[in-house]
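Pasting the sequence and the predicted coordinates here, then a few questions.
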Amino acid sequence: MSEATLSAWGRLALPGVELLGEDLESLSRGTTLSRGMGRSYGDSSLPALGTDRVVSTRLANRILAFDAQTGVVRAEAGLSLVELNRLFMPRGFFPPVTPGTKFVTLGGMVASDVHGKNHHCEGCFGAHVRSLRMRLADDSIVTCSRTELPDLFHATVGGMGLLGHILEVEFTLHRIASPWIFMESERVRDIDEFLAALGRAAPRWPMTMGWIDCLQRGRSMGRGILMAGRWAEPHEAPKEPPRAGPELTFPVELPNWALNPTTASLFNMAYYWRHTQQRVETLVAPEPFFYPLDAILQWNLAYGPRGFTQYQCVLPRAGGPAAVRAFMELLTRLGGASPLCVIKDCGPEGEGLLSFPLEGTSIAVDMAVSPDIQRIVDQLNEFVIEVGGRIYLTKDRFTRPEHFRAMEPRLERFLAAREKWDPHRRLRSAQSVRLFGDRA
Amino acid sequence: MKAVVLGGTAGMGRAVARRLVERGDEVFLMGRDAGDLARSAADLEARQSKSARVGYALCDLEKPEGFAAALDEADRALGGFDTVVVTAGMFATQDALEADVELTRRVLTVNYTNTVVFCEHARKRLLARGGGQLTVFSSVAGDRGRKPVALYGSSKAGLSHYLESLDHKFHAKGLSVLCVKPGFVKTGMTAGLKPPPFAGEPDAVAKHVVGAMVARKPLVYAPSIWALVMLVIRFLPRFVMRKIGF
């Protein structure tokens, strides 16, 4: 009989078993980590040891309070964004911040302090969280917020689940004018034009992001499609809400060789030139706008059994376009062949002690795991450290601890919070073993 | 519908209750833990588009003396219910049951004797008001004597037998009895067990079950593939059943 394993989205599987149940409060007692839908790419939701007891929050998914006047919701940590959107979008509410997949739980959104297309306006999800109910390492249950145990609150937001089990989340939903998005998309020729276009779009649009063909080098390096959007006003939107698309599932696990520079290049070329006009304005449903990859379930099978990682970093604005151009040159030279490369300008740093974004440009690129992957990540990280940037722990699997320390000036404060709230490091993950030296 | 859901705070009961309130039905919850009931009632209130309170009462399948009072409370809150759903029950593995006779007694009592007693209370009230809907979760485990579910399955076999008889006897009087036979569903109850092929998700099972309730069907397998699987199992000769582990 094969050993039970837990998997992350990048297809890394480690020995471990989930405890699954509706009663998160009792399940979390004496356990080492909570995980939601397992959509973090690397090792952050995986156990430090195969014998560690990891709690799955997925069935703890009740809404405990909703105020239709203020939009304030309190819910158990396992409530998914799929369910939240399904219930509240028809009533004119939407999460203040959504990541690029709806297959995440509220607890996961807090632990990763997720950001979205509106980061330059709304910051991270944590900025909209009012309070958290948590089970701590000593098994006590507390509520924390900006005014109640604020140090615990700030270390938990973006803290990768290492301060305690998040049991409940209270946050504010935003009102939306209609369930449709008014989107403008624009074909962009190179990285300099991209940065200029993002800069022009930011004050005009509450949501922006771009797809980059990261296989292009030379004059076309960084070409792609810029997408900007806002919620459509009622007079612009169709009377009927958007219809749900078909639920497709990636049918088979592709062999490792299927996604290679040639196939990725063909995909990128088709995707770029599919945008035949220079600029298009259109109404789209929120699903394809926010969650284009969710249209095909289990798309991670496309990378084959070797799996993949996503390298996501943010380069500070101070480095200017030159830093972004230099990063893209390094990335293309190292051969990060992928159909997925996303660029986004971020607003100011959030409150979370390890929250990812800072004012600058975020670039995320999927990469198949290969014998070269450690070398590629190391070189990218060395560049990021040089320009004062940082990486996103939710995507990470290969960063070395010394590199993370070098790029994270807030780390000492985070570690001090862990020392205070969990001196024996009862809460731990495979990622905390790798990056923070927790015992395995 | 004005539905009482016994076991509506967790698992398939939670999913069925959610489905009902999202359809616009009124729901009253019954369960063993007041705190848990309050949280589930809040969840249902947030999910319904109208603004209405969801009531609840304590009711424990191990305490049949409380059945009548709980149903009285549901009647008062709903202004007379027309639907009763029972998803509560006890599960234990065959190994655990064989090792503990007291546990066996409890599982058999809860799943068969006390569930039947609860249904009798509900059935009489529904018939007194001209009929209604009684939906009870039994199990595919009751369809055939099988090694891995010998004891648990026997309690469900008895329950399925009772529900079929109720349908035969009272259908003409307006009582619609639905016997639900779920296969393996990924809920807290089955946590820790390795999901077999065709394992169902609670929401999908609930959708299927509520559809069968609306269509006033007497029997539903969920997921539906289990109807075919159990058809084959029922026809397997005894010498085969003695050999296989299923």
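Everything's here; your move. Please read all numbers here as calculations on a predicted model, not as lab measurements. Residues are numbered from 1 along each chain as shown, chains lettered A, B, ... in the order given.

alpha carbons only for contacts and neighbour counts from here, please
Fine.

Any idea how many residues pack against the residue in chain B positioned nearest to chain A?
Minimum separation of chain B from chain A (C-alpha to the nearest C-alpha) falls at B:Gly188, amounting to 4.1 Å. Neighbourhood size, B:Gly188 [other C-alpha atoms under 10 Å in any protein chain shown]: 17.

And the spatially closest residue to it that is not a sequence neighbour, how close does it get to A:Glu168?
Among residues not flanking B:Gly188 along the chain, A:Gly21 sits closest, at 4.1 Å (C-alpha to C-alpha, 6 or more residues apart in numbering or on different chains). Look at A:Gly21 and A:Glu168: by C-alpha to C-alpha, to the nearest Å, they are 15 Å apart.

One more: A:Leu340?
33 Å.

More neighbours: the two, which one.
A:Glu168 (26 against 18).

Let me see the mean pLDDT of the helix or strand hosting the more buried one.
Here A:Glu168 sits within strand A:165-172, counting by DSSP states H and E. Averaged across strand A:165-172, pLDDT comes to 98.

neighbouring strands for the longest strand seen in chain B, and are they parallel or not?
The longest strand of chain B (DSSP state E) is strand B:175-182. Strand B:175-182 has its sheet partners listed here by DSSP bridges as strand B:132-137 (parallel), strand B:219-222 (parallel).

Span of stretch B:110-117 from start to end?
10 Å.

Tell me which residues of that stretch come out buried.
B:110-116 (16 or more other C-alpha atoms under 10 Å in any protein chain shown).

can you list the residues that contact that stretch?
Contact partners of stretch B:110-117, identified using C-alpha atoms under 8 Å, 6 or more residues apart in numbering or on different chains, comprise B:61-62, B:64, B:89-90, B:155-156, B:158-159, B:162.

Output the residue of the stretch 51-200 of chain A whose distance to chain B is smallest.
For the stretch 51-200 of chain A, C-alpha to the nearest C-alpha, closest residue to chain B: A:Ile63, 4.5 Å.

Now tabulate the strands paired with strand B:175-182 in CSV and tack on distance to A:Arg74 and mean neighbour count.
Compiled in CSV, the strands paired with strand B:175-182 are given as follows (distance: least, C-alpha to C-alpha, whole Å; neighbours: other C-alpha atoms under 10 Å in any protein chain shown):
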stretch, distance to A:Arg74, mean neighbour count
strand B:132-137, 31, 25
strand B:219-222, 32, 22
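
now the strands for the stretch 301-440 of chain A?
A:308-316, A:341-346, A:360-368, A:390-391 (DSSP state E, counting those that start in this stretch).

Could you export the ones you listed as CSV, including mean neighbour count?
Below are these laid out as CSV (neighbours: other C-alpha atoms under 10 Å in any protein chain shown):
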stretch, mean neighbour count
strand A:308-316, 25
strand A:341-346, 25
strand A:360-368, 22
strand A:390-391, 26
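
Let's have these in a markdown table, adding mean pLDDT and distance to chain B.
Below are those laid out as a markdown table (pLDDT from 0 to 100; distance: least, C-alpha to the nearest C-alpha, whole Å):
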| stretch | mean pLDDT | distance to chain B |
| --- | --- | --- |
| strand A:308-316 | 94 | 27 |
| strand A:341-346 | 93 | 33 |
| strand A:360-368 | 93 | 30 |
| strand A:390-391 | 97 | 35 |
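
Correct me if wrong: B:Tyr59 contacts B:Arg32.
No Tyr there; residue B:59 is Cys. Yes - counting by C-alpha atoms under 8 Å, B:Cys59 touches B:Arg32, with 5.6 Å between them.

Counting neighbours, go ahead and name the busier of these two.
B:Cys59 (24 against 18).

For the strands paired with strand B:175-182, give me CSV that also has mean pLDDT and distance to A:Phe414.
Shown next, in CSV, are those (pLDDT from 0 to 100; distance: least, C-alpha to C-alpha, whole Å):
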stretch, mean pLDDT, distance to A:Phe414
strand B:132-137, 97, 49
strand B:219-222, 94, 48
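
between these, which one is nearest to A:Val314?
strand B:219-222 (47.8 Å; C-alpha to C-alpha).

Quick one: residues in contact with the closest one.
B:140, B:178-183, B:200, B:205, B:208-209, B:212, B:227.

Show me where the stretch 101-250 of chain A has its strands.
A:129-135, A:141-145, A:165-172, A:174-175, A:181-188, A:207-212, A:224-231, A:248-249.

what packs against the fourth one?
Counting contacts by 3 or more C-alpha pairs under 8 Å, 6 or more residues apart in numbering or on different chains; DSSP states H and E, strand A:174-175 is packed against strand A:93-94.

Is there any residue in the strand it packs on that contacts chain B?
No - Strand A:93-94 stays clear of chain B (C-alpha under 8 Å from any C-alpha of the partner chain), getting no nearer than 13.0 Å.

Report the rounded mean pLDDT for that strand.
Mean predicted confidence for strand A:93-94 is 98.

Low-confidence ranges, the chain, go.
All of this is about chain A. For chain A, the stretches with pLDDT under 70 are A:1-3, A:336-337.

which ones are touching the residue in it that chain B sits nearest to?
Chain A approaches chain B most closely through A:Gly21 (4.1 Å), counting by C-alpha to the nearest C-alpha. A:Gly21 is in contact with A:27, A:56-60, B:187-189, B:191, counting by C-alpha under 8 Å, 6+ apart.

Tell me how far it lies from B:Lys186.
A:Gly21 is 10 Å from B:Lys186, by C-alpha to C-alpha.

got the buried residues for the following helix or strand past the longest strand of chain B?
Next in sequence after strand B:175-182, counting helices and strands by DSSP H and E, comes helix B:202-214. Buried residues in helix B:202-214, counted by 16+ other C-alpha under 10 Å: B:202-203, B:205-210, B:212-213.

Just give me the neighbour total for A:Pro90.
By other C-alpha under 10 Å, neighbour count at A:Pro90 equals 14.

And for residue 151, the neighbour number?
No chain specified, so I'll use chain A. A:Asp151: 20 neighbours (other C-alpha under 10 Å).

wrong chain, I was asking about chain B
If we define neighbours as other C-alpha under 10 Å, then B:Leu151 has 24 of them.

The lengthiest helix in chain B: which residues count as buried?
In chain B, assigned by DSSP state H, the helix with the most residues is helix B:150-170. Neighbour counts over helix B:150-170 (16+ other C-alpha under 10 Å) mark B:150-160, B:162-163, B:166-167 as buried.
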